[in-house]
Structures are given as structure tokens and as C-alpha cells.
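>>> Need the 3D shape of this:
(2 chains)
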Amino acid sequence: MAYVEVSGLRYAYGGGRDNVFNGFSLSLEKGQTAGLLGPSGSGKSTLLRLLAGLDAPLDGRIAIGGTLMAGGSVFVQPERRGVGLVFQDYALFPHMTVGQNVAFGLRGMSRPERRKVVGEMLGMVRLEDFAKRYPHELSGGQQQRAAFARALAPRPRLLLLDEPFSNLDADLKASIRRELKQLLRQTGITSILVTHDREDAEAICDTIIMMPSGDKRETVSAPEPAVVRL
Amino acid sequence: MKTLLLRRWKQRFGAWSVISGIGAVLALLPSLYILAGLLGKPGENWAHITEYMLLDYALESLLLTGGTVVLASLAGIVLAWLTVAYDYPLRRFFSFVFLLPLAIPPYIAAYTYSSMLSYTGSVQTWLREMGVAVNQNYFDVMSMKGAIIIFSLFLFPYVYLMVRSFLEKHSASFVESARLLGRNPLSVFFRVALPLSTGAVVGGASLVAFEVLNDYGVSKHFGLQTFTAAIFKTWFGMYDIDSALRLAASLMALIIGIFVIERLLRRRKRYHIPANRSVPLTRRKLKGPVAWLAVIFSSFIALLSFFLPVVQLLIWAWWTFEDVWNEKFVGMLSNTLLVSCFTVVITMFFAVVASNVNRQWRSPLSLTVGRLLSMGYSIPGAVLSIGVLAVFLSVDKRLAGVYAALGLGHNKLVLSMSLVMVVFAYSIRFLAVGYNAMDSGFDRIGNKYSEASRTMGNGMTATFFKVDLPLVKGAVLAGGIMVFLEVVKELPLTLLLRPFNFDTLATKAYQYASDEQIHQAALPSLLIIALGIGSVCLYHWLGRRKS
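Numbering: from 1, shown residues only, chains lettered A, B, ... in the order given. The predicted structure is shown next:
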């Protein structure tokens, strides 16, 4: 069985009749980095929200790491899924320092343990010296790395990244792309990355999942999306 | 430097900036008169007042305001979070009903509740009929505690509204992040939603504070010694306007002090929270007993803060309708509408001009003008009326020659005995309401449309009528509605400045209530509430249509 299994997924915005997904399926092996590629409005971000448990599917199954997250009468709340999400606008809590942000997801740990993990995470993204800064005192690239560290700190089973490059300057993009790729390799985490830029996906991912373009209601409902293995 | 100033002047000088400057000066005049009053010789009663009363007034006002701010904020925050983050039966209904208490002025609520809960009131009568013996202590609302509860019940919507709209627009990705990081709902609320909403809470809470400090009706009815009550007492009881002026100045100093403290406290944590680009917060469905608890809690608040008092007033109005509804009543109704409409027109005119100037120039000067224009709302009505009266008396003195030449006689007080003074005072007090509505209206459309129009050869005025006005007419309407509602509810200003024998719905209701004719007060009160509900509905509808 694959590590991430989505099958027969059905979803419509606000309980409306227009389906965004109609029998959508997807599977992903452990340790893979998949790029979810498609034009805006094709349901990429919606898929991430369904995987994270922020929205509930009308029908279908979602299983992560062998655990059923949604399907039948089962629905696991987002806080119990162990899924990390890096938001498009990072959503770093503005009233907490970078260190406090990273520590936010760490619970059931003693204080020194927590401090150690925060130190490790910040070291990994090279923000050791910024622990006491507030998010608005960081550059865009630094904010992204902080958001990445925060999402990884609780050791999620699956990491989701929503348009990770959309808020960055074009000339920064190449170096940050390289960095992100290295970080994902280093941690060996299974991850899904949403983007509308094919170059981004090709540079980072092992697999590209094409969300079909065109009229979204008809095409996204295609049961098997095109999958390109790189 | 000189040429730069000259250039700026040429760029910015025009009818629009002149009008907005005049507005600011007029709005500032009463405050200047009040502060100038401190320089003169104190009146005969001042020594007595400072020695025996001033500290008590200050403490009582602080306790009342502080207690209300805390309780109203608590209710507002909890209800906002409940209706934004959760889904439960009747949620949409409640999220609208929680706005309605704004239509009920606290002084009306105060006499309604005190009469309902009195020994002969409907509640105790009913309990006696049911055979329940009650301890009178539980029913005594006419105290500091009672006043705090009543103010909170009817002012919490200010906090609720601001926190709700903040959470709806800004909180989604933060709250979702916190959930994904494994936090339970309580922790999400206390660690993330609450601290993020601090700005909105402070904004709503300061409106609550201004309302409490402005109040006269509740404290008079309940016999509380607040600043405003003291100003009334020195003005009408001792006929000592100088001392009243000094009291007003002390209260203004207190308010300025609160402002400064608030600024200092928040200085270190200033950040801008951008509006979320992503989807709004997904509501979590409450199920089973928790859902019922939410419904019961919401119904409890809705009953106490709206339905119970309104039903009671309806019953009383039914009893006394023939007694109260007569020609004089209709005259008074038209008085109310007349002064309200005049005020709305004047207020919105200055609000539109000043906010348009401010958004075009964005200079420190125009920002200051904007602040001055919206200062009136933070000055309690009683304080403002003393300032306005001082201004008008001195104008009348100066115009004495003109009056004599017109054959009106010597030493006549013309302006200070007229409705002009009341409307002037209303306009200063409620300019902030209109100005803030216009400011956010212009903020929403930005400058690009008008700039495009200017480059195509339209002047500022032509641009305003052709481009801006069609785009911001919703804001003009919304601002006008809010100003209208405020004037209809206004009590202390009207009581102090109205011409002889001039009554509005508010003063009539107050007068009946203070004459112990509570049942007769129901009809004018209900009309105020009906106008208020109409305004709230229209406002709500306008907001819906925009989004």
C-alpha cells in the first residue's frame, strides 16, 4: 500500500453542487516529493486542505502512513493528523518570536528538550541567530525558512507546501529552490508541493502530478491525473 | 525649501483643503474653550468640589468604565469567536441578533430593567404568583454592579463587531496553522486568536469606554456619582458654569491619560496583520451537548440583551398608547427626524471632504486634520456641550451689535438659544462616525481610479462626482445611517443644549422615566429602538452587498 492514498475523492465548495473533485485518486510513496502542477482554480490548494483536514471531503478515502484520515464515518481533525502545512503567506504568528513560532507545535516535552529541538530546527534552516526576532523583522526568504522549520518541528508524517515561491523575488527564487530541495532530501520527509510553475516542480520534485487544465469541473474529475515520473 | 513649500501649496491648496481645514477648526473650538476655562479664576464652588467630591467622581467613573470594558469585552470576544470559528444550530440568526442591542440605548435598558425587576415589576409579580419567595437583594439592579451589567449587555456589540470582522478577514491561516501544529481548540483560542485580536478588542473596548463616559441617563437613574452627573449637577443645580467647565476639563485630562497609557502599552508590539488571501476560516461543526450548550448560551445573551426588554416595552407601550400618542408626540417625532437629518447632511459633507483630502495628500497635516475631526466622539456629551455653549455665548456677545441693528433688541442670545447650537454640537460629536466610514470606504477603492481621472483632465471636484462618489456611495450611506442612529439615541448633549420646550424622542423618554412614568416612556423608547433596528438592518445589508 502506498504511503499517501487518496481514492474516489469528491468535494464541492461550500456544499454546492459544482464538484471540484469527482472521484479523484492519487498515491504517493514514502519519502517522495511530489509536485502538484496546474493552473489557478484547478483545485490544487483545495487538495492540500483536504489532505490536511482543514476541509472535509463529501466522499472518498484519504489515508496517510497507513492510517485512515477520512472515509466512511471516519474524520480525523487536523490537529490529530500529523500533517505539516507551509502556508502560501507563511502564517507565522506575528505576536510570537521566530523561536516561539517553531516551539508552538512541540508539546509533551520538557523545556530543555523543546529548546534543543527549536535550536536544531533553526540550525537546519540557518536561522539560529534570529530566534528572538519577530516575523515582521525577517526578509521574505527568511520567513519562508522559519515557516518550514515550524512545520517540520513536530515531525509530521507528511509535509504540504502551498505555492512556496509565490511571495519571493525572482532573483531569489533559484537559490531558495536549491535550498528547499536540499532540506527536503536531508529530512527524507514525504512531501507535496503546490505550484503553477513547471520549472519549480521540475527542479525540486521526484514526481509531478498534473492537475488537468481547462474547465475545472469536468477535467479535474478525471479519475486518474496524469503523472510524470522524473 | 521655500520653493518646495510654495510648490506644495500650489499642489494642495484648493476649496477641498480649505473646507476640511474650516471643519477641523470648528471641531476644535469647544475643546479649546474648555481648556482655556482652566486658565480663568475658579468659581465659588470649585474649592468645595475638589475637596469633597472630585476624587469620588473620578473613582466612580473609573470603576464603572473599567468594569464595563472588562465585562463587555469578555462577552464580545467569546461571542465573536463562537460565531466565527464554530457552526451550531441558528448560528447565522444569532450572529445578526448580537448586533441588535446597539439599537437599545443603555438608559432605556436601565429603566426598563430596574422597573421589570422591582417589587411590583413583571418578574417578581410572576415569581410571587408561582409561589416563589424572593430575596430582594438579588433584584437590586440600581447599583454599581447593576449598571456595569446593563452597560455590558447593551454595549458588547461594539467589541463583538470589531473582533468578528477581524477574525473573519485576518485569522484563517493563523488559526489553521495552530490546528495543524496539533493544538486543541482552547489553546488555539488563547494562544493565537485572542492575542491576534488585541487591536480589534482595544478598538471596540474604547468605543465602549466612550459610551460609558458619555452616559448620563443610566447613572442618573441609578444614582451613581459619575463625572457627567456631576457636570449636570454643577450646571443645573448650582448654576456654576465655571466649575462645570473645570470638571469637564478634568474629565478630558482623564481621557487623554487613558489614550496615552494605551499607546505606551502597545508601543512594543506593533505589527501589521495583512488580510488573508486564502479562503475564510472553515467553521468547525459543534455536535451533541456542546452544540446545545452553544445554543443555550447564545439564546441567553440574545434574550437579556434584546428580546426581554423589547417585549416588556411593547407591553407597556400597549398599555399607555392612548395616553402618550397625541399631536405633541407627533411634533416631537418630527423634531427628532429634523435635527437628525440636518446633522447627517452636515456631518457627511465634512466627513466626505476631509477624508477625500486626507487620502489624496496623506500628509501629516491632513492626517492631523482627520484626527481633530474625529476627536469629538471621545469627548463626553456633557463636556462637549459646555464647550459648545461657551463658544456660542461668545459669538452671541460679539454679534450683539448686529442683532441690535436687525432690531432684535439688546443683549439677545440668538444662536445660543437656537437649534443651530444643538446641530453644531451633534455634528462635532458624530463627525468621527461619518469620517471613519468614509475613510474605510476610500481605503477600499484606493487612489488609482481618481488618479486616472485626474490625468484625463478632470479636476478634484469633477473627479469626485464622476468617479469617486459612485464608488463610495455605499460608504456615504453607511456613515449617514450610523450618524442618524447616534443622533436619535443621543441624550446628554440634547438635554443640556436644547432650546426651551424642544423635545426629541430621547429627551421625552428620559423625562417620563425620571418622572417615574416608566410605562409612558415605553412608546418613545420603542420608536428609538425601531429606528435603530432599521438602521442596523440597512447597515448589515449594505455590508453584505459589498462582500
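>>> List of residues touching the strand or helix carrying residue A:199?
Secondary-structure element containing residue A:199, defined by DSSP states H and E: helix A:198-204. Where contact means CB atoms under 8 Å, 6 or more residues apart in numbering or on different chains, the residues beyond helix A:198-204 that reach it are A:33, A:35, A:37, A:165, A:173, A:177-178, A:180-181, A:184, A:193, A:195, A:208, A:230. For every residue, glycine as well, the C-beta is placed using N, CA and C.
>>> which of those has the weakest pLDDT?
Comparing pLDDT over these singles out residue A:230 as the least confident position, at 51.
>>> residue ranges with poor pLDDT in chain A?
Applying pLDDT under 70 to chain A flags residues A:14-18, A:212-230.
>>> what's the domain layout of it?
The record's domain parsing of chain A by the TED database lists A:1-79+A:156-167+A:177-229, A:83-152.
>>> quick one, which of those is nearest to residue B:65?
Within the domains of chain A, the stretch nearest residue B:65 is domain A:83-152; the backing value is 26.5 Å (CB to CB).
>>> The closest one vs chain B: in contact?
Yes: remark: domain A:83-152 sits within contact range of chain B at A:83-85, A:87-89, A:91, A:93-95, A:104-105, A:107, A:134-136, A:150-151, by CB under 8 Å from any CB of the partner chain.
>>> from these, which ones fall inside helices?
In this view, those that belong to helices under DSSP state H are A:150-151.
>>> Show me which of the residues of domain A:83-152 next to chain B are buried.
Among the residues of domain A:83-152 next to chain B, those buried by neighbour count (16 or more other CB atoms under 10 Å in any protein chain shown) are A:83-85, A:87-89, A:91, A:93-95, A:104-105, A:134-135, A:150-151.
>>> one step back: C-alpha coordinates for the helix holding residue A:199, CSV please?
The C-alpha coordinates for helix A:198-204 follow below in CSV (Å, rounded to 0.1, in the frame of the first residue of the first chain):
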residue,chain,number,x,y,z
ARG,A,198,6.5,23.8,-14.1
GLU,A,199,10.2,24.9,-13.6
ASP,A,200,9.7,24.9,-9.9
ALA,A,201,8.2,21.5,-9.9
GLU,A,202,10.9,20.0,-12.1
ALA,A,203,13.7,21.5,-10.1
ILE,A,204,12.5,20.1,-6.8
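>>> Report all helices and strands that the helix or strand that that helix is followed by contacts.
Reading on from helix A:198-204 to the C-terminus, the next helix or strand found by DSSP H and E is strand A:207-210. Secondary structure elements in contact with strand A:207-210, counted by 3 or more CB pairs under 8 Å, 6 or more residues apart in numbering or on different chains; DSSP states H and E, are strand A:33-37, helix A:198-204, strand A:226-229.
>>> most packed of these?
Burial among these, expressed as mean neighbours by mean count of other CB atoms under 10 Å in any protein chain shown, is greatest for strand A:33-37, which shows a mean of 25.
>>> which is the next helix or strand following it?
Using DSSP H and E, the next helix or strand after strand A:33-37 towards the C-terminus is helix A:44-52.
>>> Just the CA trace of that next one, in CSV.
Presented in CSV, the C-alpha positions along helix A:44-52 are these (Å, rounded to 0.1, in the frame of the first residue of the first chain):
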residue,chain,number,x,y,z
LYS,A,44,-4.5,22.3,-6.1
SER,A,45,-4.8,24.2,-2.9
THR,A,46,-8.2,22.5,-2.2
LEU,A,47,-6.5,19.1,-2.4
LEU,A,48,-3.9,20.3,0.2
ARG,A,49,-6.7,21.5,2.5
LEU,A,50,-8.4,18.1,2.2
LEU,A,51,-5.2,16.2,3.0
ALA,A,52,-4.6,18.5,6.0
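>>> which residues does residue B:212 contact?
With CB under 8 Å, 6+ apart, residue B:212 has these contacts: B:64-65, B:68-69, B:151, B:155.
>>> quick check, the strand or helix carrying residue B:145 touching chain A?
Taking DSSP H and E as the criterion, the element that holds residue B:145 is helix B:144-170. No: if you take CB under 8 Å from any CB as the test, helix B:144-170 misses chain A, and the best it gets is 10.0 Å.
>>> quick one: which helix or strand includes residue 174?
No chain specified, so I'll use chain A. Assigning secondary structure by DSSP H and E places residue A:174 in helix A:170-187.
>>> ah, no, chain B please
Residue B:174 belongs to helix B:172-180, assigned by DSSP H and E.
>>> Now do that helix: which elements does it pack against?
Using 3+ CB pairs under 8 Å, 6+ apart as the contact criterion, the neighbours of helix B:172-180 among helices and strands are strand A:83-86.
>>> so how far is the strand it packs on off the chain centroid?
In terms of CA atoms, centre = their mean, to the nearest Å, the centre of strand A:83-86 is set 5 Å apart from its chain centre.
>>> neighbouring contacts of that strand?
Contact partners of strand A:83-86, identified using CB under 8 Å, 6+ apart, comprise A:48, A:51-53, A:64, A:144, A:147-148, A:151-152, A:154, A:156-162, A:164, B:176-177, B:180-181.
>>> quick one, what contacts the residue positioned nearest the centre of chain A?
Central residue check for chain A by CA atoms, centre = their mean: the C-alpha nearest the mean position is that of residue A:160, 1.0 Å away. With contacts taken as CB under 8 Å, 6+ apart, residue A:160 has the following neighbours: A:48, A:51-52, A:83-86, A:191-194.
>>> Could you confirm it falls within a strand?
Yes: with DSSP: H, G, I helix; E, B strand; the rest coil as the criterion, residue A:160 is assigned to a strand.
>>> Give the bridge partners for it, please.
Judged by DSSP bridges, the bridge partners of residue A:160 are residue A:85, residue A:192.
>>> hmm, back to that, distance to residue B:167 for the helices and strands packed on strand A:207-210 - can I get that in JSON lines?
Formatted as JSON lines, the entries for the helices and strands packed on strand A:207-210 read as follows, by distance: least, CB to CB, whole Å:
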{"stretch": "strand A:33-37", "distance to residue B:167": "29"}
{"stretch": "helix A:198-204", "distance to residue B:167": "33"}
{"stretch": "strand A:226-229", "distance to residue B:167": "39"}
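>>> Of all these, which one is nearest residue B:496?
Within the helices and strands packed on strand A:207-210, the stretch nearest residue B:496 is strand A:33-37; the backing value is 67.0 Å (CB to CB).
>>> where's that closest one relative to the chain centroid, distance-wise?
The gap between the average C-alpha position of strand A:33-37 and the chain average comes to 10 Å, counting by CA atoms, centre = their mean.
>>> again, but for stretch B:75-91
For stretch B:75-91, the separation from the chain centroid amounts to 24 Å (computed by CA atoms, centre = their mean).
>>> Can you show me the strands along chain B?
Counting by DSSP state E, chain B has strands at residues B:86-87, B:284-285.
>>> and among these, the most buried is which?
The highest average neighbour count among these, using mean count of other CB under 10 Å, belongs to strand B:86-87 at a mean of 16.
>>> partners of that one, with directions?
On the basis of DSSP bridges, the sheet neighbours of strand B:86-87 come out as strand B:284-285 (parallel).
>>> Please enumerate residues in contact with the strand it pairs with?
Under the criterion CB under 8 Å, 6+ apart, residues B:85-88, B:185, B:291 lie in contact with strand B:284-285.
>>> hmm, back to that, quick one: the contacts of helix A:198-204 as TSV, columns for distance to residue B:13 too.
Formatted as TSV, the contacts of helix A:198-204 follow (distance: CB to CB, whole Å):
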residue	distance to residue B:13
A:33	62
A:35	58
A:37	56
A:165	48
A:173	47
A:177	53
A:178	56
A:180	54
A:181	58
A:184	60
A:193	55
A:195	52
A:208	61
A:230	65
